[in-house]
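Asks: just need the structure, nothing else, for what follows:
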Amino acid sequence: MATAGTPGYQLGQTALLVKVPEAEPLVKSWRDRFDPAAAAGVPAHVTVLVPFLSRSAIGPEVTAELRRIFARYPAFGIEFLECRRFPDVLYLAPQPETQFRALTSAVAAQFPEAPPYGGQFDDVVPHLTVAHGQEVNVLDKIEAELSPRLPVSAAISAVHLVTFTGEQWCEEYVFELGR
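Replies: You can find the predicted model right below:
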């Protein structure tokens with residue numbers, strides 16, 4: 001059940017994400033206005049897997065397995081070169097995206113009970129959401145202001161497990177990528 005003011009989020013729901021603080025100066029003001037995840041405490045990020053297991057299912061065995069999975073992948077650099085869209089979503093596209101796809105595939109293979117986005121999509125496209133649920137003219141305006149300020153480069157060195165508390169998302173674990 002979703003909590004009032006938190007569309008679609010379930011108490012105890014978890015997610016695995018990669019924070020992208022380098023993008024915050026560019027996207028924060030837009031995300032604060034047009035991305036419900038930002039209002040719920042989620043920083044600029046690229047999702048690895050959501051929803052993951054319920055919070056009650058995450059114990060030492062699960063966290064140890066996540067550490068093993070992520071340790072197999074080296075830290076990497078990315079660039080956000082352009083804006084792209086899904087229906088009613090404007091996002092920054094990470095390049096290259098192969099590392100994000102590999103992380104998602106590895107977690108989904110180890111935890112088949114938690115398919116990315118609940119199995120809703122055949123192809124999980126790595127992205128950093130800027131605006132969600134907006135009319136085309138709003139997305140056009142945001143894109144026109146963002147595009148000239150790209151690219152944004154970022155160093156990716158960890159995956160974060162966050163949990164929804166009923167009001168906002170809180171970080172619980174940080175899994176360092178291998179070096």
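
Asks: and residue 90, what are its bridge partners?
Replies: Taking DSSP bridges, one obtains residue 85, residue 131 as the residues bridged to residue 90.

Asks: my guess is it contacts residue 127. True?
Replies: No: with contact defined as Cβ atoms under 8 Å, residue 90 does not reach residue 127; the gap is 9.6 Å. Every residue, glycine included, has its C-beta placed from N, CA and C.

Asks: what sits in contact with each of these two?
Replies: residue 84 (Cβ atoms under 8 Å, 6 or more residues apart in numbering).

Asks: would you state the strands of this structure in chain order?
Replies: In the chain, the strands defined using DSSP state E lie at 14-19, 45-49, 76-86, 89-95, 128-132, 152-156, 158-164, 169-176.

Asks: what does the third one contact?
Replies: For strand 76-86, the surrounding residues in contact (Cβ under 8 Å, 6+ apart) are 23, 90-96, 99, 125, 127-128, 130, 139, 142-143, 146-147, 150-156, 177.

Asks: who's more crowded, residue 90 and residue 127?
Replies: With neighbours defined as other Cβ atoms under 10 Å, residue 90 and residue 127 compare such that residue 90 has more, 26 against 21.

Asks: let me see the contact set for the more buried one.
Replies: Per Cβ under 8 Å, 6+ apart, neighbours of residue 90: 83, 84, 129, 130, 131, 134, 139, 142, 143.
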